[in-house]
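Undergrad: The following block contains a protein sequence and its predicted model.
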Amino acid sequence: MPDERYTVHVCHGTGCVSGGAEEVYARLGTIAGSGIRLKRTGCHGFCQQGPVVVIEPDGIFYCRVRVSDVGDIVASLSTEGRPVERLLYRDPAAGRTITKYGEIPFYRRQERILLRNCGRIDPEDIDDYLATGGYQALSRALEMSPEEIIAEIRHSGLRGLGGAGFPAGRKWEACRRAPGTEKFVICNGDEGDPGAFQDRSVMEGDPHAVLEGMAIAGYAVGAARGYIYVRAEYPLAVKRLQLATEQARQRGFLGRHILDRDFSFDIEVFQGAGAFVCGESTALVSSMEGNRGFPKPLPRPRTTESGLWGKPTLLNNVKTFAYVPKIILHGAGWFASRGTDKSKGTAVFSLTGKVANCGLIEVPMGTTLRQIIFEIGGGIPDGKRFKAVQTGGPSGGCLPADLLDLPVDFDSLTAAGSMMGSGGMVVVDEDTCMVDLARYFLDFSQRESCGQCLPCRLGTRQMFAILDDITRGRGRPEDLARLEELGRLVARSSLCGLGQTAPNPVLTTLRYFREEYEAHIKGRRCPAGVCGL
Amino acid sequence: MSGELSLVREILAGYGKNRGALIPVLQEVQAALGYVPEGAMVEIARHLGIPASHVYSVASFYAQFRLQPLGRRRIAVCRGTACHVRGAPEILKELEGLTGIREGETSEDLEYTLETVACIGCCALAPCVRVNDEVYGEMTREKVRALFPDSEEAHRDAG
């Protein structure tokens, strides 16, 4: 590679591919001369600016690149001339162009640990992963005892990043201690929250990190088989994970006698079939057993004791597993030095909606909403006013402007009535009606309710019907009290997390934006002008 | 139908009598036939050793499985949160007008199927539409019309 002066990274995330990244890459392949290495990468996170092309080692960031721009990019490289001005990122706030990746405000404020490789390595080439230190953590882990690994994970303070934030080390320990010779490791990649795509980006952009984390987990808990459960709506993630498992098997990182040791572990990709409820662990397991995705009724043993086919099963989210190799390599202290007292490390969010810079971001836990939305996100476009930020998808809530200084971590968000959830963060401005938004989420929850338990099946439907009436100008004064009563009932008596959290969007909007509901009911008007009363 | 059945049998030959294979089998059958016909469900049940009612119960539970043939152009409007606040309902309305069918329907000539999906995961490019396997981002009513120039023409002629 020393004779290659430049590496041109072309983002091949789903967003950039939809913008024509494959055509840009193909054209580069035709006309780029010697001295230029081409690389397909995973998601850079700044999907809104796609297709994204980054030139290393200079770190030049080109956005919205079209096939017709490729000639100028190659000419600029081969003559070592100035970058192509029109393709540079233009900072809307400062009104000037920025040449380098690291200087763009969207990236400058981030701390990318989990997303480090996303956008930098070719996810379809295991050698690229190995060149960044890939699978060294697995090799080190196999020299440790399982107990030592679990202690390391416990000391790091890593919490499950699927939404609930259960301490990962405790879960691993429970699974290790569960009696039984056959155990399973499952990676939950059923990212179903509308408005969240960080798990997709990690699976597409850094698939080996997930596999490596799962293999380490398999060794730690004593499992020989692993499954990655991926949503059917993520075909590119499925393809890249399958390719990655084949490559890892060929190189001896998966399969029998991994790295010539007495440890065998293999991973299969299982495609979900489109049911939001399958993000719930017991529903996911039912689905893998060939059943409807029904959560198991209570009382039930923990999945760590009786999961897939009744065997002890360790089930963690994509991001949780992807963190593991980094913690093993850099140590628990390194991880725990980031974040807040009770939420360690970083948080990854899909920042979308009415915000100038949309995309995937990673910040230390404890960063405030204001820093995320206004510094990284660049604020609200078109001179509009910030109204609310929705975190946690249909399970989360809407937080108003006076909570913008809230630090983002598991416990602060929960205390405010929302939740970290899977990491969706949707910003809305004065043009969004909060009643309509609550109606939207309840519509989602009542469609996705599996129908097994009554409070969720009928409760979410009733709440939706009341909200629908309010947005159509048929609201009655007693509706708000009834929504609150129903919301508490559904939250308290539903069988699984879907129903228990489904009222959150309604309860938080009632708490923080009650005057909008009242305007619909008493004044028969929608202040945002959405409901057309 | 017999051609379809022999395809189903070929697919089943790759699987043992294991009920855990049900969802992968249904996915493979749908990928081959475009939908899961009743006869296929009966055949799957026989092979996996489970009641046909169970196969139907699973096939009808998951959003991915179609029990009717689909149109040649399968249009999926993303109704994720980011798409919703950026105008997905308008996009759906435009597509209903263009194709002459409602959400969840397939046109009689089997040209279009129009559906909504929970989230494609392209939230930064909201609103998005997927046509077969291609994702189109930052959609507007104009861009939707440009995707289906022929349908608009057909409608104008018909109207």
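TA: Received the coordinates, thanks.
Undergrad: My reading is that A:Arg249 is in a strand; is that accurate?
TA: No: counting by DSSP: H, G, I helix; E, B strand; the rest coil, A:Arg249 is not part of a strand but helix.
Undergrad: Give me the neighbour count for A:Asp382.
TA: Neighbour count for A:Asp382, taken as other C-beta atoms under 10 Å in any protein chain shown: 8. Yep, even glycine has a C-beta here, placed from its N, CA and C like the rest.
Undergrad: Can you pull the phi/psi pair for it?
TA: When quoted as degrees, to the nearest 10, the phi and psi of A:Asp382 stand at phi 60, psi 30.
Undergrad: separation between it and A:Glu85?
TA: 25 Å (C-beta to C-beta, to the nearest Å).
Undergrad: before we move on, what about B:Thr113?
TA: Remark: distance between B:Thr113 and A:Glu85 (C-beta to C-beta) = 45 Å.
Undergrad: Also A:Ile121?
TA: A:Ile121 sits 29 Å away from A:Glu85, going by C-beta to C-beta.
Undergrad: repeat for B:Glu142
TA: For B:Glu142 relative to A:Glu85 (C-beta to C-beta), the value is 29 Å.
Undergrad: ditto for A:Arg300
TA: Counting by C-beta to C-beta, the gap from A:Arg300 to A:Glu85 is 61 Å.
Undergrad: cool, and B:His47?
TA: 63 Å.
Undergrad: what stretches of chain A score poorly on pLDDT?
TA: Applying pLDDT under 70 to chain A picks out residues A:1-3.
Undergrad: try 80 this time
TA: A:1-4, A:92-94, A:163-164, A:195, A:422 (pLDDT under 80).
Undergrad: in the stretch 351-500 of chain A, which spans are strands?
TA: For the stretch 351-500 of chain A, strands defined by DSSP state E, counting those that start in this stretch occupy the ranges A:359-364, A:386-391, A:397-400, A:424-429.
Undergrad: Please identify the most buried of those strands.
TA: A comparison of the strands of the stretch 351-500 of chain A by mean neighbour count, using mean count of other C-beta atoms under 10 Å in any protein chain shown, puts strand A:424-429 on top with a mean of 27.
Undergrad: is it anywhere near chain B?
TA: Yes: for strand A:424-429, a contact with chain B is found by C-beta under 8 Å from any C-beta of the partner chain, at A:Gly424, A:Val426, A:Val428.
Undergrad: which other residues reach that strand?
TA: Outside strand A:424-429, the residues that touch it by C-beta atoms under 8 Å, 6 or more residues apart in numbering or on different chains are A:193-196, A:349-355, A:372-373, A:377, A:380, A:384-393, A:396, A:398, A:434, A:437, B:81-82, B:85, B:123.
Undergrad: What are the phi and psi values at the residue nearest the centre of chain A?
TA: Nearest to the centroid of the C-alpha atoms of chain A, with distances taken as C-alpha atoms, centre = their mean, sits A:Gln198, at 2.6 Å. Main-chain dihedrals, A:Gln198, degrees, to the nearest 10: phi -70, psi -30.
Undergrad: how close does it get to chain B?
TA: Separation of A:Gln198 from chain B (C-beta to the nearest C-beta, to the nearest Å): 9 Å.
Undergrad: Please name the nearest non-neighbouring residue to that residue.
TA: Distance criterion C-beta to C-beta, 6 or more residues apart in numbering or on different chains; nearest residue to A:Gln198, sequence neighbours excluded, is A:Val348 at 4.5 Å.
Undergrad: distance of the one you found from chain B?
TA: Distance from A:Val348 to chain B, by C-beta to the nearest C-beta: 13 Å.
Undergrad: so where does that residue fall, helix or strand?
TA: Here A:Val348, judged by DSSP states H and E, is contained in strand A:346-353.
Undergrad: Tell me the strands beside that strand, with direction?
TA: strand A:359-364 (antiparallel), strand A:424-429 (parallel) (DSSP bridges).
Undergrad: and the angle for it with strand A:386-391?
TA: Following axes from the mean of the first three to the mean of the last three C-alpha atoms, to 10 degrees, one obtains 130 degrees for the angle between strand A:346-353 and strand A:386-391.
Undergrad: residues near residue 66, how many?
TA: I'll assume chain A. With neighbours defined by other C-beta under 10 Å, the count for A:Arg66 comes to 13.
Undergrad: Chain B is the one I meant
TA: Around B:Arg66 there are 18 other residues, counting by other C-beta under 10 Å.
Undergrad: A:His257 is nearest to which of the strands paired with strand A:346-353?
TA: strand A:359-364 (35.6 Å; C-beta to C-beta).
Undergrad: Return the distance of that closest one from the chain's centre.
TA: Remark: strand A:359-364 is offset 10 Å from the chain centroid, using C-alpha atoms, centre = their mean, to the nearest Å.
Undergrad: And stretch A:394-411, by the same measure?
TA: Centre to centre, stretch against its chain (C-alpha atoms, centre = their mean), the figure for stretch A:394-411 is 17 Å.
Undergrad: What residues of it count as buried?
TA: By neighbour count, with 16 or more other C-beta atoms under 10 Å in any protein chain shown as the criterion, the buried positions of stretch A:394-411 are A:394-400, A:403-404, A:406-410.
Undergrad: Could you provide the residues you listed in JSON lines, with additional columns for distance to chain B?
TA: Converted to JSON lines, those look like this (distance: C-beta to the nearest C-beta, whole Å):
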{"residue": "A:Pro394", "distance to chain B": "8"}
{"residue": "A:Ser395", "distance to chain B": "12"}
{"residue": "A:Gly396", "distance to chain B": "10"}
{"residue": "A:Gly397", "distance to chain B": "13"}
{"residue": "A:Cys398", "distance to chain B": "11"}
{"residue": "A:Leu399", "distance to chain B": "14"}
{"residue": "A:Pro400", "distance to chain B": "16"}
{"residue": "A:Leu403", "distance to chain B": "19"}
{"residue": "A:Leu404", "distance to chain B": "18"}
{"residue": "A:Leu406", "distance to chain B": "20"}
{"residue": "A:Pro407", "distance to chain B": "23"}
{"residue": "A:Val408", "distance to chain B": "18"}
{"residue": "A:Asp409", "distance to chain B": "22"}
{"residue": "A:Phe410", "distance to chain B": "21"}
